[in-house]
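> Sequence and predicted structure are below.
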Amino acid sequence: MASSRRLIAASLLALTAIFFLLAGPAAATGKTGQVTVFWGRNKAEGSLRQACDTGTYTFVIISFLNVFGHDGHGKYHLDISGHPIAGVGEDIKHCQYIGIPVSLSIGGFGNNYSLTSKQAALDLFDYLWNAFLGGGKPGTHRPFGDAWLDGVDLFLEHGTAADRYDVLALELAKHNIRGLAGGKPLHLTATPRCGFPPARWVATAVDTGILERVHLRIYDDGDCEAYWHLRWDQWTAAYRATRFYVGLTASEMTHGWVHPKNVYYDVAPSAQKADNYGGLMIWDRYYDKLSNYTSIVKYYA
Ligand SMILES: *[C@@H]1O[C@H](CO)[C@@H](O)[C@H](O)[C@H]1NC(C)=O
Ligand SMILES: *[C@@H]1O[C@H](CO)[C@@H](O)[C@H](O)[C@H]1NC(C)=O
C-alpha cells in the first residue's frame, strides 16, 4: 500500500517535471535570440567592452559619425559622447573575439550631414573604408586603430530627395568581400522610424535591396506607436530580402516604451509572424544599463 502510494507520488513528480520541461522553456524562448544595441550616446553607459561582456547583446552599433557630406563642409566627425577614444579599438576586437560584431552608425539627430551628390557619397565611402573598415590609405586617420569594423548603419533623421545613400550602400556592398581571403562580411543596416513608405532619402538606400537588416524604431513617434503592426507588415512585405528588427527603447521615460509583458504577449509574437523577422534592437546601452530591460526581453527575441 505504502509502496504503491510512493509509486503514484513518484509518477506525479515525473509528470510535473515533463510538463515544465515542455511548457517552461518553450514559452520563454524567442525565435532568433538576436539583440542589437546602440552604444556611444552617453559616457555613463560604461565601455564598449563592458557592454559586450554583459552577454546580453549579439550585435553592437557605435553611434554616431555625425558630420559628413556637404552639410559637414568637407569634414568628418565621430561623436561618442566623451568616451575616451583610445581604448575603443581594443574593445572592438574584444567584442569581435567573443562573437559580437561591431558596426558604425552614420547620421543621428544633428544637422551637419547630407549626401547630396554622387561624389559626396563616393567620398564618404572612401573615408569609411579607410578610417574604419578594410582600407588603410596613408593620411587617413583611423580613430580605432587597426580594428576593422563589421558594418555600417544608416541612422538618417533628416535629409532631402537629393541625397544619394543608394550610391553609398552600393559602394559598400561591392566591398562585402565575404569569403575572400583576408576579407569579411560587411553588415549593412538602417535604423529608420517605422513610418511607411520610408522617407525618400532612406528609401533610396533600402530600395537597392542590398541592406542586410533594417531596425524599425517603434518608439518616440506617434504614428509608429499607434500603427506599428501595420507598418511592420508593410515593411516586411516590401523588402523580402532584408531582415527586420523591432526597435525598442529601454527607457520607461521615452514615449512608446513597451512593457516587457507586452513584448512577450504582443510585440514579439506579432513581429515573428514575418518570416524575415530578425530580432530586437535596443536604444540604447545607457538606458538599458539603468533599467536592465534587455535582460528580460532578450528571451523573447
Ligand atoms: C555643425 O554645424 C554648425 C553650424 O551649422 C556648427 O556651428 C557646428 O560647429 C557644427 N558641428 C560640428 C561638430 O562640426
Ligand atoms: C540592473 O542590474 C544591475 C546589475 O545586476 C543592478 O545593480 C541594478 O540594480 C539593476 N537595476 C534595475 C533597475 O533592476
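Thanks, I have it. Computed from a predicted model, the values in this text were never measured in an experiment. Ligands and ions are numbered 1, 2, ... in the order given.
> Now do the same contact list for the nearest residue to Tyr219 once chain neighbours are set aside.
In space, and not counting its chain neighbours, Tyr219 is closest to Gly256: 3.2 Å by CB to CB, 6 or more residues apart in numbering. For glycine as for every other residue, the C-beta is placed from the backbone atoms N, C-alpha and C. Listed by CB atoms under 8 Å, 6 or more residues apart in numbering, the contact set of Gly256 reads 218-221, 224-225, 249.
> Show the contacting residues for whichever residue of the stretch 51-200 of the chain sits closest to ligand 1.
Per CB to the nearest ligand atom, the residue of the stretch 51-200 of the chain with the smallest distance to ligand 1 is Asn112, at 3.8 Å. Contacts here follow CB under 8 Å, 6+ apart; on that basis Asn112 touches 66-68, 71-73, 77.
> Ligand 1 next: which of these are close?
67, 77 (CB under 6 Å from any ligand atom).
> hmm, which of the contacts of Asn112 are the buried ones?
For the contacts of Asn112, a burial check counting by 16 or more other CB atoms under 10 Å picks out 66-68, 71-72.
> Max pairwise distance over those residues: which two?
Asn66 and Asp71 (10.4 Å; CB to CB).
> can you list residues touching both of those two?
Counting by CB under 8 Å, 6+ apart, the residues touching both Asn66 and Asp71 are 112-113.
> ok so Thr254 is a helix residue?
No. Thr254 is assigned coil when assessed by DSSP: H, G, I helix; E, B strand; the rest coil, not a helix.
> isn't it right up against Arg217?
No. At 10.5 Å, Thr254 and Arg217 do not qualify as touching, with contact defined as CB atoms under 8 Å.
> low-confidence ranges in the stretch 1-150 of the chain?
Across the stretch 1-150 of the chain, the ranges flagged by pLDDT under 70 are 1-29.
> Strands along that one, start to end?
35-39, 59-67, 77-78, 102-108 (DSSP state E, counting those that start in this stretch).
> Out of those strands, indicate the one that is most buried.
strand 35-39 (a mean of 27; mean count of other CB atoms under 10 Å).
> any idea how far Asn111 is from the residue nearest to Phe109 when sequence neighbours are not counted?
In space, and not counting its chain neighbours, Phe109 is closest to Glu157: 5.4 Å by CB to CB, 6+ apart. Glu157 sits 9 Å away from Asn111, going by CB to CB, to the nearest Å.
> Can you check which residues contact both of those two?
With CB under 8 Å, 6+ apart, Glu157 and Asn111 have no common neighbours.
> Give the residue from those two that has the larger number of neighbours.
Per other CB atoms under 10 Å, whichever of Glu157 and Asn111 has more neighbours is Glu157, with 16 against 12.
> just checking, that one touches Ser105?
No. In this structure Glu157 lies outside contact range of Ser105 using CB under 8 Å: 11.2 Å.
> what number of residues lie near the closest residue to Ala120 other than its chain neighbours?
In this structure, Ala120 finds its nearest non-sequential neighbour in Gly69, 4.6 Å apart by CB to CB, 6+ apart. Close neighbours of Gly69, defined as other CB under 10 Å, add up to 24.
> Show me the contact partners of stretch 196-211.
115, 154, 156, 159-161, 163-166, 168-170, 173, 188-190, 192, 214, 231, 234-235, 238-239, 241-242.
> Buried ones among the residues you listed?
Neighbour counting by 16+ other CB under 10 Å classes 115, 154, 156, 159, 163-166, 168-170, 188-190, 192, 214, 231, 234-235, 239, 242 among those as buried.
> Return the subset of those lying in helices.
Using DSSP state H, the members of the buried ones among the contacts of stretch 196-211 that fall within helices are 165-166, 168-170, 231, 234-235.
> re earlier: please list all residues in contact with the residue nearest to Ala120.
113-116, 120-121, 124.
> just the buried ones among the contacts of stretch 196-211 that are near ligand 1?
Answer for the buried ones among the contacts of stretch 196-211 near ligand 1: none qualify (CB under 6 Å from any ligand atom).
> Helix or strand: which one has the nearest residue to Ser251 once chain neighbours are set aside?
Once flanking residues are discounted, Ser251 sits nearest to Tyr287: 3.8 Å by CB to CB, 6+ apart. Element membership of Tyr287, judged by DSSP states H and E, is helix 285-291.
> residues in contact with whichever helix or strand comes after that helix?
Counting by DSSP H and E, the next helix or strand C-terminal to helix 285-291 is helix 293-297. Here helix 293-297 makes contact (CB under 8 Å, 6+ apart) with 35, 37, 56-57, 248, 250, 260, 263-264, 268, 280, 282, 287-288.
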